[in-house]
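Visitor: Sequence first, then the predicted structure, then my questions.
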Amino acid sequence: MFYDMGYTEVLTTVTKFKKSCLPPQWNVLFTLLFKGLSKRVVGSDGASKAFMTQLYDLYYGVNMDYEFIL
């Protein structure tokens with residue numbers, strides 16, 4: 001999925017993900033979603049597996065229950 005978005009680095013594991021390697025439009029969307037849906041208040045370059053799953057669902061149009069997430 002990240003390569004389809006335009007991720008520019010080789011990604012061996014999700015934990016090595018860097019937001020800065022996304023194209024500008026996905027970088028901004030990632031930041032907005034991360035700040036709105038995560039509990040962390042600082043640092044938005046990496047994210048949890050649960051957040052990556054939500055991003056995957058959003059990218060591929062999978063229906064999610066945002067009420068349950070929030």
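Guide: Sure thing, it's come through.
Visitor: where's residue 59, which helix or strand?
Guide: Taking DSSP states H and E as the criterion, residue 59 maps to helix 49-60.
Visitor: Repeat that for residue 63.
Guide: Here residue 63 is assigned to no helix or strand, by DSSP H and E.
Visitor: and it, what does it touch?
Guide: Going by CB atoms under 8 Å, 6 or more residues apart in numbering, residue 63 touches residue 57. Heads up, the C-betas are built off the backbone N, CA and C, glycines and all.
Visitor: quick one: it and residue 25, what's the gap?
Guide: Residue 63 sits at a distance of 23 Å from residue 25 (criterion: CB to CB, to the nearest Å).
Visitor: Check which residues of the helix holding residue 59 are buried.
Guide: For helix 49-60, the neighbour count (16 or more other CB atoms under 10 Å) marks 51, 52, 54, 55 as buried.
Visitor: Surely the second one is in contact with residue 17?
Guide: Pointing back at residue 52 there. Yes - judged on CB atoms under 8 Å, residue 52 makes contact with residue 17 at a distance of 7.3 Å.
Visitor: in this protein, which ranges drop under the pLDDT threshold?
Guide: By pLDDT under 70, the low-scoring segments of the chain are 38-45, 69-70.
Visitor: by contact count, what packs against the longest helix along it?
Guide: Secondary structure of the chain per DSSP state H: the longest helix is helix 24-37. For helix 24-37, the packing partners by 3 or more CB pairs under 8 Å, 6 or more residues apart in numbering; DSSP states H and E come out as helix 49-60.
Visitor: quick one: whichever helix or strand comes after the helix it packs on to chain centroid distance?
Guide: Following helix 49-60 in sequence order, the next helix or strand is helix 66-69 (DSSP H and E). Helix 66-69 has its C-alpha centroid displaced from the chain centroid by 16 Å (CA atoms, centre = their mean, to the nearest Å).
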